[in-house]
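A.B. asks: build the 3D model from these lines:
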Amino acid sequence: MSGREGIFQLAGAAQGSALVLSRPLSFWGGIDAETGGVIDRSHPDLGVNIAGRMLVMEGGRGSSSSSSVLAEAIRLGTAPAAILLARPDPILAVGAIVAEFLYGKAMPLVACDITGIGSGDQIAIAVGKDGMAIIRKL
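C.D. replies: Purely as a prediction, here's the structure:
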């Protein structure tokens, strides 16, 4: 993956190590906002920490309350550096937008082709001249 474009649900730049989840995750009951740890006992990635990572997954899962958990994690600094999704997720978008509005803290959220991204890959997201997300492996 030399570079690809994506559609921002919330624009911004970020860089970090990718964490690719094997299944979608609900932030409500799935993430501990105080630590960033995956706490959903039924999720195969139980115990993994998302804080500061470039979180990659097919999409979000579940409750509309996921937006409040994501906003709180962003406020506390335990959220991912960015989230890359194979398909847009309005619930996660609301959480990211609310956190930016209320706390002045932005976390890019991008819908893009996530194939070829593996856990541990160093990923950078930038805003292209046309406003599109530019995603690159470093």
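
A.B. asks: what helix or strand is the residue nearest to residue 93 when sequence neighbours are not counted on?
C.D. replies: Closest residue to residue 93 apart from its sequence neighbours, by Cβ to Cβ, 6 or more residues apart in numbering: residue 9 at 4.1 Å. All C-beta atoms are positioned from the backbone trio N, CA, C, and that covers glycine. Taking DSSP states H and E as the definition, residue 9 sits inside strand 4-10.

A.B. asks: for stretch 83-96, output the C-alpha coordinates as CSV.
C.D. replies: Output in CSV follows, covering the C-alpha atoms of stretch 83-96 (Å, rounded to 0.1, in the frame of the first residue of the first chain):
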residue,chain,number,x,y,z
ILE,A,83,-10.1,5.1,13.2
LEU,A,84,-10.1,3.6,9.7
LEU,A,85,-13.3,1.8,8.7
ALA,A,86,-14.2,-0.2,5.6
ARG,A,87,-17.7,1.4,5.7
PRO,A,88,-18.9,4.7,7.3
ASP,A,89,-20.3,4.5,10.8
PRO,A,90,-22.6,7.4,11.9
ILE,A,91,-22.5,6.4,15.5
LEU,A,92,-18.7,6.6,15.8
ALA,A,93,-18.8,9.8,13.7
VAL,A,94,-21.2,11.4,16.3
GLY,A,95,-18.8,10.6,19.1
ALA,A,96,-15.8,12.0,17.3
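
A.B. asks: tell me the buried residues in it?
C.D. replies: For stretch 83-96, the neighbour count (16 or more other Cβ atoms under 10 Å) marks 83-86, 89, 91-96 as buried.

A.B. asks: quick check: closest non-adjacent residue to residue 78.
C.D. replies: Closest to residue 78 by Cβ to Cβ, 6+ apart is residue 36, at 3.7 Å.

A.B. asks: how near is the residue nearest the centre of the chain to residue 41?
C.D. replies: Centroid check for the chain by Cα atoms, centre = their mean gives residue 83 as the closest residue, at 1.8 Å. Residue 83 is 22 Å from residue 41, where distance means Cβ to Cβ, to the nearest Å.
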